[in-house]
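**Q** Got a sequence here, can you model it:
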Amino acid sequence: MNLNELSDKIALRELIDNISIYGDKKDFKNQVQFFTENALSETIAEGKTILRIEGRNEMAKAFAKFNKDVETLYHFNGQQIVSINGDLATGKCYCLITLIGEENGKNIKTTIGATYEDDYVRTENQWLVSKRVGTFEWKNTIEIVE
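**A** Predicted coordinates for the structure are as follows:
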């Protein structure tokens, strides 16, 4: 591995971490700036597509709507594998997502084990996600009793 490949791998890791950090802040307007203008985002749960959106504006609206009842949102990114070919790359990342919010007067914590399979493109010396398929592999929901 040469220095350029290593630099690209670090940049791609920072890209997915920044997407998570801005998502955790619920700053969806800035979060979607890490995607291409016409990026495709698809979310799959229990083998079915539950969300399919295209473009930054639609993504920001959909992410805000999906998380409107969530008080705390926390992504913990784990293993990441990337394959780089010039200005294009693909990658897979494991993520543990925690959502805390109120449902029917109860504090509920939902934990989701997810994988993200991404297509990346380098534009103007910046890597962006052009396609993201998020798969919720498993989910656990519990009531928080204080």
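**Q** Please identify the buried residues of the longest helix along the chain?
**A** Ranked by residue count under DSSP state H, the longest helix found in the chain is helix 3-24. Buried residues in helix 3-24, counted by 16 or more other CB atoms under 10 Å: 8-9, 11-13, 15-16, 19-24. All C-beta atoms are positioned from the backbone trio N, CA, C, and that covers glycine.
**Q** now, among these, which is nearest to residue 91?
**A** Nearest to residue 91 among those: residue 12, at 6.2 Å, using CB to CB.
**Q** beta partners for the residue lying closest to the closest one once chain neighbours are set aside?
**A** Leaving aside its chain neighbours, residue 12 sits nearest to residue 82 (5.1 Å; criterion: CB to CB, 6 or more residues apart in numbering). On the basis of DSSP bridges, residue 82 is bridged to residue 91.
**Q** how much space is there between residue 82 and residue 117?
**A** 11 Å (CB to CB, to the nearest Å).
**Q** what touches both of these two?
**A** Common contacts of residue 82 and residue 117 (CB atoms under 8 Å, 6 or more residues apart in numbering): 90, 91.
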